[in-house]
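S.K.: predicted model and sequence below, questions to follow.
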Amino acid sequence: MSGQPLQGAQQLRGAMPADAKQPFATMWPSYYALGGGVNPAVASFSAQQVAAAPDSSQADDAQKREREQRILKRKQANRESAKRSKLKRQQAERELQEHARRVDDERDILSAQLAAAQQRYVDAQAKHLDLRRKIQAYVDNPSNGGTAGSCWPSG
């Protein structure tokens, strides 16, 4: 631009002086007042705004960084959640294995007790049958002369 922003507009209006009032200036639509037109005050203000505003690439970079930070934070939260889940699963597995070991130990103890009880029962039955046999032999043997204990071993 040459220093005079109104050069093109002055040519269209018939070379009006720069300090002359523009006709219908108060009736211009807001489009021109907001910088869409050739209004030098608004144009210079818009240029200042553009110069003062952050670059769109900088804003894009900032948004990208924020997005990447959110993604990283979410990934970290997911990793921590997975780690907590893994630890909980491992703890549950350890508790299950400990419980299974206790159940196996108790089963082994009860199995040993059952086997011992069954052996005592078999021994008691054998002793019972032996006593019945001896009693029957005593009753069936009249040759002993009725003496008690003749069928019993001496000792």
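M.R.: Thanks, I have the structure now.

S.K.: what's the average pLDDT for the longest helix along the chain?
M.R.: Counting by DSSP state H, the longest helix found in the chain is helix 56-140. Looking at helix 56-140 alone, the average pLDDT works out to 96.

S.K.: could you number the chain from 33 rather than 1 from now on?
M.R.: Yes, from this point I'll number from 33; that puts the last item at helix 88-172.

S.K.: and residue 161, how far from residue 136?
M.R.: Here residue 161 is placed at a distance of 37 Å from residue 136 (CB to CB, to the nearest Å). From N, CA and C alone the C-beta is placed, and that goes for glycine too.

S.K.: hmm, I typed the wrong one, I wanted residue 156.
M.R.: 30 Å.

S.K.: what of residue 146?
M.R.: Taking CB to CB, one finds residue 146 at 15 Å from residue 136.

S.K.: report how many residues lie close to residue 152.
M.R.: 10 (other CB atoms under 10 Å).

S.K.: what do you get for residue 166?
M.R.: With other CB under 10 Å as criterion, residue 166 counts 13.

S.K.: again, but for the one 4 residues further on
M.R.: Residue 170 has 15 neighbouring residues, counting by other CB under 10 Å.

S.K.: how far away is it from residue 164?
M.R.: Taken as CB to CB, the span from residue 170 to residue 164 is 11 Å.

S.K.: same question for residue 108.
M.R.: 82 Å.

S.K.: swap in residue 99?
M.R.: 95 Å.

S.K.: and if you look at residue 132?
M.R.: Residue 132 is 47 Å from residue 164, by CB to CB.

S.K.: over to residue 158?
M.R.: Residue 158 is 11 Å from residue 164, by CB to CB.

S.K.: list residues touching both of the two?
M.R.: Shared contacts of residue 158 and residue 164 (CB atoms under 8 Å, 6 or more residues apart in numbering): none.

S.K.: give me the number of residues near residue 155?
M.R.: By other CB under 10 Å, neighbour count at residue 155 equals 10.

S.K.: check the one 4 residues further on too.
M.R.: Burial measure for residue 159: 10 neighbouring residues, criterion other CB under 10 Å.
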